[in-house]
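Trainee: Next one to model:
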Amino acid sequence: MARKPTLRDVSRAAGLSVYTVSRALSNGDGVSAASRELVLKVARELGYVPNRAAQELRKNTRSSVAVVTASTSNYYYIDLMKGIQRTLRLSDRTAIVADIAAEGVYTPELEDATIQDLIQSRTAGVIATLTLAPHNMKLLEDWDIPVVFVDSIPHESATRVPSITTDNFSASMKVGAHLGEHGYRDWLFLAYPARWSTRAERERGIRAAALKYGAGIEVIESENDVESAYATLTAYLDTPGRALPRAVIAGNNPMLHGALRVLHARGVRIPDDVAVVAFDEFAWAALLDPPLTVLNEDSETIGVIAAQTLTRIIDDQIKAELRGDPPTPAYRPEDRRELSSDLIIRRSCGC
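Mentor: I've put the predicted structure just below:
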């Protein structure tokens, strides 16, 4: 493997001191515009990439934020990241993504390793989409790394940590009310594991709506990926004597994808035979046949609010350090927010 160019290589090629090259690459003061342009040109030609982690250790500029996700196959995260990145750019910060359930299966070992890596790289802060283990929260706290949760809630021991979530109980009640108004009385909720904290309130809302409208409700659990959802629903429907439910509620995008594959493979007509409603809007939901009725959480707005909250906390830490005070994250009660959602009615529900 070819040797990677170093800062000293750029210095030699540019005919400037290592100090000047370092200042130019970090956009520091005391470097002329001509020298800065020369250094950037030489660095591009050599393929030199600054070691940002090492710079963070020396300068503590707090410029990189980690977004810890859990199964990026969920389209929810696409709009979430759009909101996060757009907001972080306003403060010249960047976001990196660490997926601790890439195949839809969570393991505590991967969570532990990920948190260790983030601490070693001195990430400025963390936006987490999955409830982190208490010992990992303690590690982040010990290193003064602030955390904001989205689409999940902190462990009960983390009483002050911010969270930006959807009111999932009310969201599920909206879904159930719509199915009830259609007169459907046999519902199936295809759910992801309870390790994802949104599951509990979504299921509670669906069950409450079923009770209110006199519907029967079955809940089946799948791992949080498309193939598992397909296999889980297939096994359920293959049970001898099992009839098709009148309505299927998919707990998220991977559950929806798996459910649609099963129904299409069996020639089930949507919504004539089975109505389908899903959580989380996605870009082409309206383009499917039939167009899908979905619960829209507006994850882009959630991402914006989470990034704004984290940015404020990090900026306050920098100010504290300049005053000579400890950079302990300063959380506020209003940093815990629960947002409303909208049911987007299309045709898959029978409308």
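Trainee: and the gap between E334 and S32?
Mentor: Look at E334 and S32: by Cβ to Cβ, to the nearest Å, they are 46 Å apart. For glycine as for every other residue, the C-beta is placed from the backbone atoms N, C-alpha and C.
Trainee: do the same with V277
Mentor: Distance from V277 to S32, counting by Cβ to Cβ: 62 Å.
Trainee: With neighbour numbers in mind, choose between those two.
Mentor: With neighbours defined as other Cβ atoms under 10 Å, V277 and S32 compare such that V277 has more, 29 against 10.
Trainee: Excluding sequence neighbours, find me the nearest residue to the more buried one.
Mentor: Using Cβ to Cβ, 6 or more residues apart in numbering and skipping residues adjacent in sequence, the residue nearest V277 is T293, 4.9 Å away.
Trainee: same thing with T165?
Mentor: Closest to T165 by Cβ to Cβ, 6+ apart is E338, at 5.5 Å.
Trainee: got a list of what the one you found touches?
Mentor: Contact analysis of E338 by Cβ atoms under 8 Å, 6 or more residues apart in numbering lists T165, T166, D167.
Trainee: isn't the second one right up against D342?
Mentor: Read that as T166. No - using Cβ atoms under 8 Å as the test, T166 is too far from D342 to be in contact (10.6 Å).
Trainee: Name the residue in these two with the higher neighbour count.
Mentor: T166 (24 against 13).
Trainee: List the contacts of the more buried one.
Mentor: By Cβ under 8 Å, 6+ apart, T166 lies in contact with D151, T198, E297, I302, E338, L339, S340, S341.
Trainee: what's the distance between the residue lying closest to it once chain neighbours are set aside and I206?
Mentor: Nearest non-adjacent residue to T166, counting by Cβ to Cβ, 6+ apart: E297, 4.6 Å away. Going from E297 to I206 by Cβ to Cβ gives 16 Å.
Trainee: Identify each buried residue in stretch 333-351, please.
Mentor: Neighbour-count burial for stretch 333-351, counted by 16 or more other Cβ atoms under 10 Å, picks out D335, R336, S341, R346, R347, S348, C349, G350.
Trainee: gap between the first one and A286?
Mentor: D335 is 34 Å from A286, where distance means Cβ to Cβ.
Trainee: pLDDT weak spots in the stretch 1-150 of the chain?
Mentor: In the predicted model of the stretch 1-150 of the chain, residues 1-3, 51-61, 71-73, 103-104 satisfy pLDDT under 70.
Trainee: Please list the residues outside the helix of greatest length in the chain that contact it.
Mentor: The longest helix of the chain (DSSP state H) is helix 299-323. Contact with helix 299-323 is made by 60, 62, 65, 76-77, 79-88, 90-91, 93, 124-125, 127, 144, 146, 148, 150-151, 162, 164-166, 280, 326-331, 335, 337, 339, as judged by Cβ under 8 Å, 6+ apart.
Trainee: In strands, which of these appear?
Mentor: Among these, the members falling in strands (DSSP state E) are V65, G125, I127, V148, V150, I164, T165, T166, R337, L339.
Trainee: Surely the second one touches A66?
Mentor: Yes - using Cβ under 8 Å as the test, G125 is close enough to A66 to be in contact (7.5 Å).
Trainee: Tell me which of these two has more neighbours.
Mentor: A side-by-side neighbour count of G125 and A66, using other Cβ under 10 Å, places G125 first with 27 against 22.
Trainee: Distance check, that one against F149.
Mentor: As judged by Cβ to Cβ, G125 and F149 stand 12 Å apart.
Trainee: can you put the contacts of E338 in a markdown table and add pLDDT and distance to E111?
Mentor: Compiled in a markdown table, the contacts of E338 are given as follows (pLDDT from 0 to 100; distance: Cβ to Cβ, whole Å):
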| residue | pLDDT | distance to E111 |
| --- | --- | --- |
| T165 | 94 | 20 |
| T166 | 95 | 23 |
| D167 | 96 | 27 |
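Trainee: re earlier: show me what counts as buried in the longest helix of the chain.
Mentor: Neighbour-count burial for helix 299-323, counted by 16+ other Cβ under 10 Å, picks out 299-300, 302-314, 317, 320.
Trainee: Centre of the chain to it, how far?
Mentor: 17 Å (Cα atoms, centre = their mean, to the nearest Å).
Trainee: the strands in the stretch 101-250 of the chain, which residues?
Mentor: 125-128, 147-150, 163-166, 186-191, 216-221, 247-250 (DSSP state E, counting those that start in this stretch).
Trainee: And the fourth one, what does it pack against?
Mentor: In terms of contacts (3 or more Cβ pairs under 8 Å, 6 or more residues apart in numbering; DSSP states H and E), strand 186-191 is packed against helix 198-213, strand 216-221, helix 226-237, strand 247-250, helix 253-265.
Trainee: out of the ones you listed, nearest to I115?
Mentor: Closest to I115 of the helices and strands packed on strand 186-191, according to Cβ to Cβ: helix 198-213, at 21.1 Å.
Trainee: got the contact list for the closest one?
Mentor: Helix 198-213 has contacts (Cβ under 8 Å, 6+ apart) with 151-152, 165-166, 168-173, 175-177, 179-181, 185, 187, 189, 191-194, 215-217, 219, 249, 251, 279.
Trainee: Got a ChimeraX select line for the buried ones in those?
Mentor: Here is the ChimeraX command that picks out the buried ones among the contacts of helix 198-213, judged by 16+ other Cβ under 10 Å:
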select :151,152,165,166,168,169,171,172,173,175,176,179,180,185,187,189,191,192,193,215,217,249,251,279
